[in-house]
Each structure stands twice: as C-alpha cells, then as structure tokens.
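Asks: sequence and computational prediction follow.
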Protein chains: 2
Amino acid sequence: MTLNKTTEYALTILGFMATRNENMYSAEYLHNQLNIPRRYLRRLLTDMSKHGFLKSTSGRNGGFVFDRDLKEISLAMIINTIEGSDAIFTCILGFSCCIVDKPCIMHDSWMEARSKMVDTLSNTTLADLKEKYQLDLIRNLKLL
Amino acid sequence: MTLNKTTEYALTILGFMATRNENMYSAEYLHNQLNIPRRYLRRLLTDMSKHGFLKSTSGRNGGFVFDRDLKEISLAMIINTIEGSDAIFTCILGFSCCIVDKPCIMHDSWMEARSKMVDTLSNTTLADLKEKYQLDLIRNLKLL
DNA sequence: TGTAAATACTACAAAAAGGTAGTAATATAT
DNA sequence: ATATATTACTACCTTTTTGTAGTATTTACA
Ligand code: FES
Ligand code: FES
C-alpha cells in the first residue's frame, strides 16, 4: 500500500527532473529543491546511475542527467528497481508470490484491485508526467 | 504497494478465522496452522482484541473469537487499523497527504489506480471471504 | 598549478519494524 | 488446592531501513 521512503524519493527526484528543463542537476540543487536529506539523496542518485536511469558527470559543473528517453521510463520501472522487481506482485497475505493453482482466499479481491494499479503505473511514463506538467503550467498562466 | 508484515499477519489470521468454523481459536492453534512466530502472533492477537475485532478469553480453554459480525469487517478496516488510518491515502511522493489544491505531478495517475484498489478493499468483508471459501469447498468436493 | 565544486566509496549511526523472553494473571479440570 | 493451559504485560534483542561522516576522486576555472 505504502511505498518505502527510498522509492518515494526516487519518484520525487525523477519526476522533478523530468518536468524541468535544466540541462544538468547537481545533488546540491536537488537537495535544495526537494528537501531530501543531502547524503542519502546523493547515494540514491549514484544508485540511479548504476541502474541506468541517469548518467553522472563528476567534477566541477558536474551532476546528473537522464540516460534514457523519458518515454522509456515508467513509474512501475522505478518502483521495481528500488523495491525489487516483484514487490508489486506479492500475495497480500505474504505467501512468497501469487501462485495460480493455490491462491489464498484473498487472491481474487486483491488481484482485481492490484492489476488496475499495476496497469496505471506501467503505462505512465516520465514523458507523460512532463506533458501533464507543461499543460498544467499553460493552464495556470492563462488563469492569470 | 506492499503491506508490512504485521498487516499481512493480521489479514492472514482474521481471514483464517473467518473461514473456519471453530468456536474458539487459541494462539497456539493459530501458530500451528499459520506459521506465524508464536510470541509475535500473540501480541498481535491481543492488539486485535484491543481494537475490537476479537474478544479474548483468558485461562484454560481460552482463546479468541470475533467480537463483531463478519459483515462489519472490511479488509480496508484491518489494514487501516494496523498501518494507520490514512497510510492508504498518502501521496505517492510522500507529501503528508494528497492535498486537493496542490497535488503533486503524479497525483492523477496515482489516484485513479489507488481509488480502484481502495474500493475493492473497502467493499470486501470477512463475510465475503467466508462465502467464497465455502463455495470453493463445495466446488472442489464436486470435482472429486 | 592550485582551489573549488562536484561525484564515488566505505563504514558507521539512528530509527523503525519484526521477533523473543520472562513473568504475572486468569480460568478450568482433576 | 494444585497443576495446567491459556491470555496479558513489559522489557529486551535482531534485522532492515533511513540517514550521516570522512575521505578519495574527478574536472573546470582562475
Ligand atoms: S495468493 Fe494471496 S493474493 Fe494471490
Ligand atoms: S499529492 Fe501526490 S499522489 Fe496526491
């Protein structure tokens, strides 16, 4: 139901980066913008680089940029990367995973609910968020 | 996405108790049936009593029974009781909760997915699980 | 060439979640 | 009455998650 903090941070960071138009994001800058603990955020950023979401540049004026097309990064991928690829598919009663031939009593209720959620998270990419953000911006400007 | 272990245990226990027809369940019996760590399970059972789901009887031949009609207990209630009533409603980016006038960029995607899930969990009661279990039993007997 | 601004690595510390131990209290059966 | 089977309470231990510290490395710029 709840994501762990690290996953929330990852979504926050990538979501933020996807919707702005800087050409480089330093850990310090992201820390100031997002209020995520400095050192923890740094570690997370290097993790994201190792996982291929970001590309890092060391040294002065260094920082992070996306290493993939935003269309290629879904929310589900981010979550899976950090929580483990099938955290999302575990049985609600904690059986290692949902087994088709021996489902638990809650399986049916749970599957129906979950599959909707998984679909949405799989089908929403960072590019979608960017688009939405731009549209929201325009809408707000027109209201002024 | 994932429930914490304690919540899984709670669902397992209440789901089990709801679908069997014993008139009393001791911690020891539940431990044997469900493989949940003895002492932790005990503590959880007394918690459930305090929260009004179960009624406990001390002493020899004691144990636990439901203190409410199964129709009155939804999966969402169980989850809320243990994870905190709005764990299910938190912002996916970790903002304290989803604020209508200042939603985060992921709010729309997330709400859509989540509301389906919340609906299902709110509308499924232990009575529903019991009914399902009985039907499954009958179906299996006929297959023999 | 030296200083400053950045990431990288490793180890540790603190907090939260999960799990255990000991003992007291309660009720039943013999 | 006493032994036994049960829950209740409190404190502690272990593991996982979250957060911090120190130091090395890389690169730009003056
Ligand atoms: S087997 Fe439990 S939810 Fe699928
Ligand atoms: S404000 Fe973030 S999901 Fe609603």
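Replies: Alright, I've got the coordinates. Ligands and ions are numbered 1, 2, ... in the order given.
Asks: contact residues of chain A facing ligand 1?
Replies: Neighbours of ligand 1 within chain A, by C-beta under 6 Å from any ligand atom: A:91-93, A:95, A:98, A:103-104, A:106-107, A:110. Just so you know, the C-beta spots here come from the backbone N, C-alpha and C atoms, and that holds for glycine as well.
Asks: where along chain A do the helices fall?
Replies: A:5-19, A:27-34, A:38-50, A:75-83, A:107-123, A:126-143 (DSSP state H).
Asks: would a markdown table of the ones you listed with distance to B:G84 be doable?
Replies: Below are these laid out as a markdown table (distance: least, C-beta to C-beta, whole Å):
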| stretch | distance to B:G84 |
| --- | --- |
| helix A:5-19 | 15 |
| helix A:27-34 | 24 |
| helix A:38-50 | 23 |
| helix A:75-83 | 20 |
| helix A:107-123 | 20 |
| helix A:126-143 | 28 |
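Asks: hmm, the lowest-mean-pLDDT helix or strand in chain A touching ligand 2?
Replies: Across the helices and strands of chain A, mean confidence by mean pLDDT, DSSP states H and E is lowest for helix A:107-123: a mean of 86. No. Helix A:107-123 does not reach ligand 2 (C-beta under 6 Å from any ligand atom); its nearest approach is 12.0 Å.
Asks: check contacts around A:F64.
Replies: A:17, A:24-27, A:45, A:48-49, A:54-57 (C-beta atoms under 8 Å, 6 or more residues apart in numbering or on different chains).
Asks: look up how far ligand 1 lies from the nearest residue to it once chain neighbours are set aside.
Replies: Spatial nearest neighbour of A:F64, chain neighbours left out: A:L54 (4.6 Å); criterion: C-beta to C-beta, 6 or more residues apart in numbering or on different chains. Distance, A:L54 to ligand 1, using C-beta to the nearest ligand atom, to the nearest Å: 34 Å.
Asks: so A:L54 touches A:M48, yeah?
Replies: Yes. The criterion here is C-beta atoms under 8 Å, and A:L54 meets it with A:M48 at 4.6 Å.
Asks: residues in contact with stretch A:121-131?
Replies: Under C-beta under 8 Å, 6+ apart, the answer for stretch A:121-131 is A:14-15, A:18-19, A:66, A:69-76, A:79, A:88, B:105-106, B:109, B:113.
Asks: before we move on, the earlier item: ok, and for the least confident helix or strand of chain A, which residues are buried?
Replies: Buried residues in helix A:107-123, counting neighbours by 16 or more other C-beta atoms under 10 Å in any protein chain shown, are found at A:107-111, A:113-114, A:116-118, A:120-121.
Asks: any idea how far it is from the chain center?
Replies: 17 Å (C-alpha atoms, centre = their mean, to the nearest Å).
Asks: that one to helix B:126-143, inter-axis angle?
Replies: Helix A:107-123 and helix B:126-143 meet at an angle of 110 degrees, taking axes from the mean of the first three to the mean of the last three C-alpha atoms, to 10 degrees as the criterion.
Asks: tilt between helix A:107-123 and helix B:75-83?
Replies: Using the same axes, to 10 degrees: helix A:107-123 against helix B:75-83 is 70 degrees.
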